[in-house]
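Peer 1: Got a predicted structure plus its sequence, pasted below:
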Amino acid sequence: MTKKSKRLINSITAGLFSILFFFLAYIGYEKRNIDLSKQDQLEDIIIDKGIDTHYGSKGQKSDVFFISLKNLDEDLGVYRMSKDYNDLLQKINIGDKVKVYYQANSNEDENINIDLIQLEKDGKIIINKSEYEQKEGSLLYIGLIAGFFILYLSYRNYKS
């Protein structure tokens, strides 16, 4: 394979990865200002709660706080990088009536749907949508930084 062919293949590969990262940035941007009225919502009784291992669709595992609701077939959860769920364990009890806003998840590989956007109890917000927006919005920064970095590397490679 000639040097020119290798450069072309590297440039195409870098371009595809850049597109992927810019797409992640777009997803992060879209999830920064969620309209709760457009999300799935349910007012129901908690029948189980705790910390459990979330099995992601790509084999990742992480500890999450979860709740099970009486009239919902999937468990809803929250992932925090800090793994600090003590506030939720104290404020939320089995038997509490709560209102949840979430995005339904049809992915059967995941045992807990971690797209719980907001949780309210007695008219008070326990889990604020801003926590979800911030977590999902980080995709914006990761995507932009990685996308531009790969474009820069591709440009340097092509010029050399």
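Peer 2: Cool, the structure landed.

Peer 1: going forward, measure contacts between C-alpha atoms and count neighbours the same way
Peer 2: Will do.

Peer 1: three-state assignment of the residue most central in space within the chain?
Peer 2: Geometric centre of the chain, nearest residue: Glu136, 5.0 Å, by C-alpha atoms, centre = their mean. Following DSSP: H, G, I helix; E, B strand; the rest coil, the label given to Glu136 is helix.

Peer 1: Wait, it touches Gly28, no?
Peer 2: Yes. With contact defined as C-alpha atoms under 8 Å, Glu136 reaches Gly28; the gap is 5.5 Å.

Peer 1: pLDDT value on the residue nearest to the centre of the chain, please?
Peer 2: Listed pLDDT for Glu136 reads 71.

Peer 1: Equivalent analysis for Ile45, please.
Peer 2: So, for Ile45, pLDDT stands at 97.

Peer 1: measure the nearest residue to it once chain neighbours are set aside to Ile27 for me?
Peer 2: Counting by C-alpha to C-alpha, 6 or more residues apart in numbering, Ile45 lies nearest to Lys97, which is 4.4 Å off, once chain neighbours are set aside. For Lys97, the distance to Ile27 equals 32 Å [C-alpha to C-alpha, to the nearest Å].
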